[in-house]
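Undergrad: 3D, please:
(one chain, ligands or ions: 3)
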Amino acid sequence: QLSTSFYSKTCPKLLPIVRSGVQSAIAKETRMGASLLRLHFHDCFVNGCDGSILLDDTATFRGEQTAPPNNRSVRGFDVIKAIKSSVEKACPSVVSCADILTLTARDSVNILGGPTWEVKLGRRDSKTASFSAASSGVIPPPSSTLANLINRFSAKGLSTKDMVVLSGAHTIGLARCTSFKNRIYNESNIDASFAKLRQRSCPRSGGDDNLAPLDVATPKLFDNYYYKNLVNQKGLLHSDQVLHNGGSTDSLVEQYSKNDKIFDADFVTAMIKMGDIQPLTGSQGEIRKVCSKPN
Ligand code: HEM
Ligand SMILES: [Ca+2]
Ligand SMILES: [Ca+2]
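TA: Ligands and ions are numbered 1, 2, ... in the order given. Okay, here's the model as predicted:
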């Protein structure tokens, strides 16, 4: 159903409009590339890539933005809003927010030094969002075991390999102290000097919103250092280090740590698969005029 040429007649300028919006957002703040990539992941894992995460809460509706995996953590809504308004000027009521979000994820990866690929388009927007689905554990928490990560991705039709390679998105961006505190104080499969370094800005008590880079080596570049860190026991999240902790995914992590080309190629394949999760197509859903609310 989805196709790379979906808007080629109806909105021929779409791709350059989105790319320049992402470019200027990243020029203002590098982290925004990471935030947009994560937003797409958190959209796709909750009832498919349908823009549901973009819907704001109202007095009578609680959507996904305040669910535990998202609350005080996901960001980038203003950038999506600005890009959508440029797209609406060029082609009113034609392009879905779900597709715009998918394109921003692709452009973010590429602008920060990663690969690019052709994005399949034609997703439509949901008319609602689900606080309960977003809170149910479909998006795995950072305390996850390897078995839980494998299961959660498998439930979305993604393989263990897809899970390991998509986790490589943690080559960019930041995490809050609360997401890694237990690991840096209580775990033993962590490089001692790395744990000390992170403890400096993440105290045992308090500081929960203090930020640290997910990739200690090259936090602003989309590369394979995430995997090199894991081999050296410098994964920030518990859910990062379980990918290289004597289990079934060690060899894949080692392969990606040594070969950036294979990482890029497998990442592209897995991103396309993730973008294919349960899209609304045809006459399902709608094309929102504003991404934060249903028409
Ligand atoms: C494998 C399971 C995953 C877990 C358990 C996980 C967990 C997390 C956590 C806890 C954070 C930090 C949030 C905070 O402290 O505010 C984070 C950040 C991030 N995640 Fe994941 N994640 C996973 C997979 C993914 C995937 C598949 C992608 C994208 C393809 C992704 C992209 C990101 C990015 C880019 C950031 C940084 C965001 C920013 O700086 O704004 N993650 N993730
Ligand atoms: Ca969704
Ligand atoms: Ca990096």
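
Undergrad: so what pLDDT did the residue of the stretch 1-150 of the chain found nearest ligand 2 get?
TA: When scored by Cβ to the ion, the stretch 1-150 of the chain has S52 as its residue closest to ligand 2, at 3.5 Å. Heads up, the C-betas are built off the backbone N, CA and C, glycines and all. pLDDT recorded at S52 is 98.

Undergrad: which helix or strand contains the nearest residue to it once chain neighbours are set aside?
TA: Spatially, and ignoring its direct neighbours in sequence, S52 is nearest to A129 (4.0 Å; Cβ to Cβ, 6 or more residues apart in numbering). A129 belongs to no helix or strand when assigned by DSSP states H and E.

Undergrad: quick one, what contacts A129?
TA: Counting by Cβ atoms under 8 Å, 6 or more residues apart in numbering, A129 touches 46-47, 52-53, 55, 63-64.

Undergrad: those residues in helices, which ones?
TA: Among these, DSSP state H puts none in helices.

Undergrad: ranking those by neighbours, who comes first?
TA: Counting neighbours by other Cβ atoms under 10 Å, the top entry in the contacts of A129 is I53, with 31 neighbours.

Undergrad: excluding covalently adjacent residues, which one is nearest to D264?
TA: Going by Cβ to Cβ, 6+ apart, D264 has P115 as its nearest residue, at 4.2 Å.

Undergrad: that neighbour - how many residues pack around it?
TA: P115 has 16 neighbours, counted by other Cβ under 10 Å.

Undergrad: so what's it up against?
TA: Neighbour list for P115: 109, 264-265, 267-268 [criterion: Cβ under 8 Å, 6+ apart].

Undergrad: the residues you listed: which ones sit near ligand 2?
TA: Subset of those in contact with ligand 2: empty, counting by Cβ under 5 Å from the ion.

Undergrad: put the buried members of those into a ChimeraX selection.
TA: Applying 16 or more other Cβ atoms under 10 Å to the contacts of P115, the buried members can be selected in ChimeraX as follows:
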select :109,264,267,268
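
Undergrad: which one is S93 nearest to, not counting chain neighbours?
TA: Of all residues not flanking S93 in the chain, I287 sits nearest, at 5.4 Å (Cβ to Cβ, 6+ apart).

Undergrad: that neighbour and C91 touch, don't they?
TA: No. Assessed by Cβ atoms under 8 Å, I287 is found out of contact with C91, at 10.1 Å.

Undergrad: hang on, the earlier thing: so who does the residue nearest to S93 touch?
TA: Here I287 is in contact with 93-96, 124-125, 295 (criterion: Cβ under 8 Å, 6+ apart).

Undergrad: repeat for T218
TA: 171, 225.
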